[in-house]
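# Give me the fold of what follows.
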Amino acid sequence: MTENNGTDGALTVTEIMNILPHRYPFLLVDRVLELVEGERILAMKNITGNEDVFNGHFPGAPIFPGVMIIEALAQASGILGFKTTNTTADDGKLYLFAGVDKARFKKPVTPGDQLMLESQVVAVKRNIWRFQTRATVNDKLVCEATLLCAYQDRDKVK
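Numbering: from 1, shown residues only. Modelled structure (predicted):
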């Protein structure tokens, strides 16, 4: 799939790094499969056994932390926001967490899983974006949450 004027636009990890400020080991989106500006995104994160987080969470029973799933959903939402506003982090803009509501975790995510990240724009009021998000593995819900993100100028973050 190729990028098509903001609809169904696939993005590689290199293109994602041109949008988001995150870098390894904290870049948690490997690919964007679909993107409709102002509406929705479908992205993915491959969960591999060599990720640093598994050294301590948990030895002998590796589980990808729920907070990292929420962060991956936030990064996917940030990509959607940046593409919708036709900006990037290099333009001096950031999407910062403003809140997480109704977060629920349904099953563990482990090495070898492919985490599918879905986000839909629910509302934009001033510079606060509300996203309805969900993460799945093999079409089974593993996490859902409503995320609030503040779209801000980087130089105003203190």
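
# Go through the lengthiest helix in the chain and flag the buried ones.
Ranked by residue count, the top helix of the chain under DSSP state H comes out as helix 66-85. Judged by neighbour count using 16 or more other C-beta atoms under 10 Å, the buried positions of helix 66-85 are 66, 68-85. C-betas here are computed from N, CA, C, even on glycine.

# ditto for stretch 20-28
In stretch 20-28, the ones that count as buried by 16+ other C-beta under 10 Å are 20-22, 27-28.

# go on, stretch 130-140?
Neighbour counts over stretch 130-140 (16+ other C-beta under 10 Å) mark 130-137 as buried.

# and the next element down the chain from the longest helix of the chain?
strand 93-105 (DSSP states H and E).

# who does that following strand pair up with?
As defined by DSSP bridges, the strand partners of strand 93-105 come to strand 140-153 (antiparallel).

# And for the partner strand, what's in contact with it?
Strand 140-153 is contacted from outside by 66, 69-70, 73-74, 77-78, 81, 85, 92-109, 115, 119, 122, 127-136, using C-beta atoms under 8 Å, 6 or more residues apart in numbering.

# helix, strand or coil for the spatially most distant residue from the centre of the chain?
The centre of the chain is farthest from one residue, residue 60, which by C-alpha atoms, centre = their mean lies 27.3 Å away. Of the three states, residue 60 takes coil according to DSSP: H, G, I helix; E, B strand; the rest coil.

# Now for residue 54: which residues touch it?
Applying C-beta under 8 Å, 6+ apart, we find residue 54 in contact with 62, 64, 111.

# just checking, the last one touches residue 46?
Same thing as residue 111. No: counting by C-beta atoms under 8 Å, residue 111 does not reach residue 46; the two are 9.6 Å apart.

# give me the low-pLDDT residue ranges for the protein?
Low-confidence segments of the chain (pLDDT under 70): 1-7.

# If we use 90, what do you get?
1-9, 154, 156-158 (pLDDT under 90).
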